[in-house]
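Engineer: sequence and predicted structure, then a few things I'm wondering about:
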Amino acid sequence: MNDRDEYFARWSALHGGYDPRASRLTGGWLSMTYVVARPFIAARVAPDVITLGGALLAGVAVWFAALGGRWVLAAAAVIVLSAIFDNVDGAVAVMTDRASRWGYVLDSLVDRVSDCLFLLALWFVGAPVWACVVGGVLMFVLEYARARAGSAGMSEVGVITVWERPTRVIVTTMFLFGAGLFVAQAGGWATAGALAWVGLGVVGLCQLLALLRRRLIGPANEIADDIGRHSDEG
C-alpha cells in the first residue's frame, strides 16, 4: 500500500468505521505514524518485532530512570520513542495486510507491560510504592472492564476516557521530564506523576463504568441470559 488515504480507509475499517480525518489530532497523528512506518515496511520488519521493540524501549527507560540525575531526561525521551513504536506496529500491520488477532493480543499485552514499566520508572525516581501500586491496579481494572465489555457484546470502538494509554504516556513523560530538569525536586515530581496516575485512574474508571452501564444494560431477560452464561463459565 502506497497511498495514505488507503491506509486511513483500512484503519477506519478496523476501528468501527471511525474516520480519522474527522479529528485533526487523530488525522495528524496517523499521518505521522504513516510516514514513520514506511522505512519499517521497506525493510520488511514484522509488526510483532516492532511491538516487542516498544516494550524493550520501555525497559531502557526504566534503566535510565534508575540512574537518576539528568539521566531521567533520557528516560522521558525513550518513553516517547516507545509510544511511537506502539503506534507504528499497528500501521505496519495494516499497511502490509498483516493485522491479526494474535497481533492484537500481543499488542495489548505489551501495552500493559509497558504501563507497569512506566510506573516502575516513577518509583525509581522517588514516587511512593503505594501510589505506583494503586495507579497500576486502577489501570488494570479499567482495561479489564473494557475487555469484558467486548466479551459482553460491545464491539464498537471509542469508549474514550481521560485515562487512555496516550494520556498515561504523556503524564509519565511530563513528570519524568520535570524530575530530570529539576533534579533537587525529582522525588516530588515523581510523586506527583504517580498521584496523577491515581487521580486520573479513578476518574477514567468511573467514566468507563458509567458509559458501559448505559450501553450494555438491557431487558431483564437479556440480563438473566448474561448472568446464566457467566455462571456456566464460572
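Structural biologist: Yes, it's here. Residues are numbered from 1 along each chain as shown.
Engineer: report the longest helix in this structure, please.
Structural biologist: Counting by DSSP state H, the longest helix found in the chain is helix 186-216.
Engineer: by contact count, what packs against that helix?
Structural biologist: Packing partners of helix 186-216 (3 or more Cβ pairs under 8 Å, 6 or more residues apart in numbering; DSSP states H and E): helix 101-125, helix 129-151, helix 165-181. No exception for glycine: its C-beta is placed from N, CA and C like everyone else's.
Engineer: turn the ones you listed into CSV, including mean pLDDT.
Structural biologist: Shown next, in CSV, are these (pLDDT from 0 to 100):
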stretch, mean pLDDT
helix 101-125, 95
helix 129-151, 93
helix 165-181, 95
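Engineer: tabulate those helices in CSV, adding columns for mean neighbour count and distance to residue 65.
Structural biologist: Below are the helices and strands packed on helix 186-216 laid out as CSV (neighbours: other Cβ atoms under 10 Å; distance: least, Cβ to Cβ, whole Å):
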stretch, mean neighbour count, distance to residue 65
helix 101-125, 19, 4
helix 129-151, 17, 12
helix 165-181, 21, 7
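Engineer: tell me which of these lies nearest to residue 22.
Structural biologist: Closest to residue 22 of the helices and strands packed on helix 186-216 is helix 165-181 (Cβ to Cβ; 17.2 Å).
Engineer: got the CA positions of that closest one in CSV?
Structural biologist: Provided in CSV are the C-alpha atoms of helix 165-181 (Å, rounded to 0.1, in the frame of the first residue of the first chain):
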residue,chain,number,x,y,z
ARG,A,165,-2.8,5.0,27.1
PRO,A,166,-1.7,8.1,25.2
THR,A,167,-2.6,10.1,28.3
ARG,A,168,-0.6,7.7,30.5
VAL,A,169,2.4,8.2,28.2
ILE,A,170,2.0,12.0,28.3
VAL,A,171,1.6,12.1,32.1
THR,A,172,4.6,9.9,32.7
THR,A,173,6.8,11.7,30.2
MET,A,174,5.9,15.1,31.6
PHE,A,175,6.6,14.3,35.2
LEU,A,176,9.8,12.4,34.4
PHE,A,177,11.0,15.4,32.3
GLY,A,178,10.3,17.7,35.3
ALA,A,179,12.2,15.3,37.6
GLY,A,180,15.2,15.3,35.2
LEU,A,181,15.1,19.0,34.7
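Engineer: tell me, please, the helix or strand in the chain that averages the lowest pLDDT.
Structural biologist: Of all the helices and strands that make up the chain, helix 220-233 has the lowest average by mean pLDDT, DSSP states H and E, namely a mean of 48.
Engineer: now do the longest helix of the chain against helix 129-151, angle only.
Structural biologist: Put simply, helix 186-216 runs at 20 degrees to helix 129-151, going by axes from the mean of the first three to the mean of the last three Cα atoms, to 10 degrees.
Engineer: what comes up buried for helix 186-216?
Structural biologist: In terms of neighbour count (16 or more other Cβ atoms under 10 Å), helix 186-216 has its buried residues at 186, 188-201, 204-205, 207-208, 211-212.
Engineer: over to stretch 81-89?
Structural biologist: Residues 82, 83, 84, 85, 86, 87, 88, 89 are the ones in stretch 81-89 that count as buried (16+ other Cβ under 10 Å).
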